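Asker: below are the sequence and a predicted model; questions follow.
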Amino acid sequence: MPTSDPATWQPAAPVATAPAKPEQIRRAALKVFLDQGYANASIDMILTEADVSRQTLYRYFKGKEPLFLAVVADILQNVLSAIADAIRDADLDHSDDLEADLADVGRAWLRIMLQPDVLALRRLVIGEAARLPHLAAAWDDHGPGQVRKILEPRFRTLAERGLMTLDPDPQLTVAFYARTMIIPVEIAMMNTDFAPAQDVIDTYVRGGVKMFLARYGVAGG
């Protein structure tokens, strides 16, 4: 006879389920976009890859461009979440070794941005920027722009603690840090064979942090 004591209830065994239709379609679309490029990808290719009907796809996405935007948003949400975790783990607000902590954030940032799918999708967005400029704007708004917003209050706190200085517009300070961190990403964007080893990444990160602190660090801070 079943007991009424919740403490004795056992969770039901997990049941393997297929991904929800929108996720299934987004996954398929990502593969097609990366394989074919945006211009050459077609709805028919995505339907075949997703194994769904046209009616099902259009129930969730109104066409190729909205679907591409959804794919970009999905990737950027994962990227942003991982970078936000890295910034939180570094605990910049309470840093007692700013150079080391900024380097930790930079290494985590590069690990994420150098992932092949992220690089490939970024190339696609840049390739379509002239024809669809709002794609590039959306990429910045939902990705790098959000990272800058997360970093700015940390940098303000560090400045208040006397560990660094800020430009009159703190976003310029954050942007300078970001640019010094992602030099390997820019190299990888132009060279698909560029897959830096960890020691190479560490060299870039350490150099970038030293450059940043030479401009914004406070001696003895």
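Answerer: It's in. Since the structure is predicted, the reported quantities are computational estimates derived from the model, not experimental observations.
Asker: next up, the contacts around the residue nearest the centre of the chain.
Answerer: The chain has residue 79 as the residue nearest its centroid, 2.5 Å off, counting by CA atoms, centre = their mean. For residue 79, the contacting residues are 112-113, 118, 143, by CB atoms under 8 Å, 6 or more residues apart in numbering. (C-beta placed from N, C-alpha, C; glycine too.)
Asker: ok, residue 25 next?
Answerer: Counting by CB under 8 Å, 6+ apart, residue 25 has contacts 46, 50, 52, 56-57, 60-61, 67.
Asker: any chance of TSV for those, columns secondary structure?
Answerer: Output for these, formatted as TSV (DSSP: H, G, I helix; E, B strand; the rest coil):
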residue	secondary structure
46	helix
50	helix
52	coil
56	helix
57	helix
60	helix
61	coil
67	helix
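Asker: now these as TSV including neighbour count, distance to residue 189 and pLDDT?
Answerer: Converted to TSV, these look like this (neighbours: other CB atoms under 10 Å; distance: CB to CB, whole Å; pLDDT from 0 to 100):
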residue	neighbour count	distance to residue 189	pLDDT
46	24	25	97
50	19	28	96
52	17	32	95
56	16	35	95
57	22	30	96
60	17	31	95
61	21	27	94
67	25	24	93
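Asker: burial count for residue 84?
Answerer: If you count neighbours by other CB atoms under 10 Å, residue 84 ends up with 14.
Asker: and the pLDDT at it?
Answerer: You'll see residue 84 listed with a pLDDT of 85.
Asker: give the contact list for the residue nearest to it when sequence neighbours are not counted.
Answerer: Closest residue to residue 84 in three dimensions, ignoring its sequence neighbours and counting by CB to CB, 6 or more residues apart in numbering: residue 150, at 5.7 Å. Contact partners of residue 150, counting by CB under 8 Å, 6+ apart, are 83-84, 87.
Asker: quick one on the thing from earlier: can I assume the residue nearest to the centre of the chain sits in a strand?
Answerer: No. Residue 79 is assigned helix when assessed by three-state DSSP, not a strand.
Asker: how about the helix or strand bottoming out on mean pLDDT in the chain: buried residues?
Answerer: Here the helix or strand of the chain ranked lowest by mean pLDDT, DSSP states H and E is helix 133-142, holding a mean of 80. Of the residues in helix 133-142, 135-136, 138-139, 142 count as buried by neighbour count, 16 or more other CB atoms under 10 Å.
Asker: format those as a markdown table; extra columns: distance to residue 94.
Answerer: Converted to a markdown table, those look like this (distance: CB to CB, whole Å):
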| residue | distance to residue 94 |
| --- | --- |
| 135 | 38 |
| 136 | 36 |
| 138 | 34 |
| 139 | 32 |
| 142 | 29 |
